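Colleague: here is my input, please return the structure:
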Amino acid sequence: MGKMVHTTTITVYDRDSSYQQVGELLHQHANSILLRVGYPMADQNVAIIFLILNMTTDELGALTGKLGQIQTVKVKSTSLKV
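Modeller: Numbers count the residues shown, from 1 in each chain. Reported below is the predicted structural model:
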């Protein structure tokens, strides 16, 4: 199957320890990111990142799997039928 459009929400529960790892993974997939919106909540040490991605489901699985291995990160994705 070819590339599809996906939405992904990443919640980082400990910005101090995880934000750099998340940023590095997203940088590796920069060519597939159509939109990236981040909402840092510094007073709570939390960040929410919303992505719109154009990639295959295998690429999405690889990215979300790596993000999900980071202890203080939660990831939810949806594939769009367009």
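Colleague: okay, CA-based contacts and neighbour counts for the rest of this
Modeller: OK.
Colleague: go ahead and flag the most central residue of this protein.
Modeller: Nearest to the geometric centre of the chain sits residue 10, at 4.8 Å (Cα atoms, centre = their mean).
Colleague: and that one, which helix or strand is it part of?
Modeller: strand 4-12 (DSSP states H and E).
Colleague: and residue 27, how many neighbours?
Modeller: 12 (other Cα atoms under 10 Å).
Colleague: just the one 4 residues further on next, same as before
Modeller: Residue 31 has 11 neighbouring residues, counting by other Cα under 10 Å.
Colleague: how about it, secondary structure?
Modeller: Three-state call for residue 31 (DSSP: H, G, I helix; E, B strand; the rest coil): helix.
Colleague: I'd guessed the residue nearest to the centre of the chain sits against residue 40; true?
Modeller: No - assessed by Cα atoms under 8 Å, residue 10 is found out of contact with residue 40, at 11.6 Å.
Colleague: which residues does the residue nearest to the centre of the chain contact?
Modeller: 48, 49, 50, 73, 74, 75, 76 (Cα atoms under 8 Å, 6 or more residues apart in numbering).
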